[in-house]
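S.K.: Give me a model of this one.
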Amino acid sequence: MKRLLSMLASALVVMVLSVPARSHGPVPHKEAPHAPSGAEDAMKAQHERMARFQEAARKLTEALVLSDRKSADDAAALLARSLAGHENDVPHKNRSRSKEYHGLFVELGKRTETLRADLSAGKLPRAAGSYGRVLEVCASCHMKFRD
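M.R.: Alright, predicted model coming up:
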C-alpha cells in the first residue's frame, strides 16, 4: 500500500511540474531560424495532444487513488488515444535528436499498453506500478526535449 501511495504521489508531482510549461504556450524552436510551412499548425496539434494526455493522466491518477477500475480503464484508453499522431511531432529543443524523441513515444505506447493490460486483469496495484513506468518516460522526455 505504501508503494502504491508513493507511486501515485510521484505521478502527481510529475503532473504538477508539467503545468507551468504548458501554461506558457508553444515555445519557438531554437535550432531553426524560420519554421517551415505548416509547422505552426503541427505544433498546435502537438500541444493539443499533450493537453489531452495530461488530462487523461490526471483522471487516471484520481481513479487509481480511488481504486475505481472502470474510470481507470477509461482514462488509460484516453491516454493511449492521445498518443496517436505523434509521428509528425518535433521536440521543442534538441531537434537533431528527433529519432530518440520518437523512440520515447514508442516506449510510451508500449508502457501504456502494459498499463491497460494490468487494468483489464483487475490488478490495480500492479497498474499503479505500470503507470509509474509510463510517467518515467514522460519525465525523461521532458528533461531532454523541453525548455
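
S.K.: Report the secondary structure element holding E113.
M.R.: Per DSSP states H and E, E113 falls inside helix 98-120.

S.K.: list the helices and strands the next helix or strand after that helix packs on?
M.R.: Where DSSP H and E defines the elements, the next helix or strand beyond helix 98-120 is helix 124-145. If you count contacts as 3 or more Cβ pairs under 8 Å, 6 or more residues apart in numbering; DSSP states H and E, helix 124-145 packs onto helix 2-23, helix 39-65, helix 69-82, helix 98-120. All C-beta atoms are positioned from the backbone trio N, CA, C, and that covers glycine.

S.K.: C141 is nearest to which of those?
M.R.: helix 98-120 (4.7 Å; Cβ to Cβ).

S.K.: possible to save the helices and strands packed on helix 124-145 as JSON lines with distance to N88, mean pLDDT and mean neighbour count?
M.R.: What follows is those, written out as JSON lines (distance: least, Cβ to Cβ, whole Å; pLDDT from 0 to 100; neighbours: other Cβ atoms under 10 Å):
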{"stretch": "helix 2-23", "distance to N88": "20", "mean pLDDT": "52", "mean neighbour count": "13"}
{"stretch": "helix 39-65", "distance to N88": "6", "mean pLDDT": "91", "mean neighbour count": "17"}
{"stretch": "helix 69-82", "distance to N88": "15", "mean pLDDT": "95", "mean neighbour count": "18"}
{"stretch": "helix 98-120", "distance to N88": "10", "mean pLDDT": "94", "mean neighbour count": "17"}
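
S.K.: Of these, which is nearest G132?
M.R.: Counting by Cβ to Cβ, G132 lies closest to helix 2-23 out of the helices and strands packed on helix 124-145; the figure is 4.1 Å.

S.K.: What about A139, how many residues nearby?
M.R.: Per other Cβ atoms under 10 Å, the neighbour tally for A139 reads 14.

S.K.: Could you report the pLDDT at it?
M.R.: We have a pLDDT of 93 for A139.

S.K.: start the count at 47, not 1, going forward
M.R.: Taking 47 as the first residue, the last one we looked at is A185.

S.K.: And for the helix holding E159, what's in contact with it?
M.R.: Applying Cβ atoms under 8 Å, 6 or more residues apart in numbering, the contact partners of helix 144-166 are 115, 118-119, 122-123, 125-126, 129, 132-133, 135-137, 140, 170, 172-173, 175-177, 179-180, 183-184, 186-187, 190-191.
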